[in-house]
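Chemist: Fold the following for me, if possible:
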Amino acid sequence: SVLQAYYNQINGVYETDFPDYPPFQYNYTGVNPVDKFSVIGTKVEVLPFNTTVQIVFQDTATLFFESHPMHLHGQSFYVVGSGFGNFDSNTDTPNFNLVNPPSRNTISVPSGGWAAVRFRAINPGVWFLH
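Modeler: Here you go, the predicted model:
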């Protein structure tokens, strides 16, 4: 398992180079994007305890638009924002609901849009996000 590999320092089970930003940026919601790209592998992000984490899930038109559910095991997150089109941190972040965001463990990313979540890494362990 990933947890056993982490504690026993077993190489080759996973990689810790999970990108902080998409490795190839393009117009994610554009019609028939040219830069169709995916990576095969098990990549993880090792988070220090009590770290505040923000994740923006962006739907793409790589194959087709689809409202896609994202689920985090092990803890809940706060849904701070969502919208249509490509996420823009300059214009979308100021509109986040930081006063009373709903708490969930699953969110549906809007078709052709994005959803932003935040959580504190306070539950030690390996938690899958899919």
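
Chemist: Go through this structure and flag its longest helix.
Modeler: helix 2-7 (DSSP state H).

Chemist: got the contact list for it?
Modeler: Contact with helix 2-7 is made by I10, N11, V13, Y14, T42, V44, V46, G125, V126, as judged by Cβ atoms under 8 Å, 6 or more residues apart in numbering. All C-beta atoms are positioned from the backbone trio N, CA, C, and that covers glycine.

Chemist: Just give the nearest non-adjacent residue to F57, would you?
Modeler: The shortest distance from F57 to any non-neighbouring residue, by Cβ to Cβ, 6 or more residues apart in numbering, is to V109 (4.6 Å).

Chemist: does E15 have beta-bridge partners, and which?
Modeler: K43 (DSSP bridges).

Chemist: contacting residues for it?
Modeler: Per Cβ under 8 Å, 6+ apart, neighbours of E15: G41, T42, K43, V44.

Chemist: If any of the residues you listed are buried, give me the PyMOL selection for them.
Modeler: Typed into PyMOL, the line below selects the buried ones among these, using 16 or more other Cβ atoms under 10 Å:
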select buried, resi 44
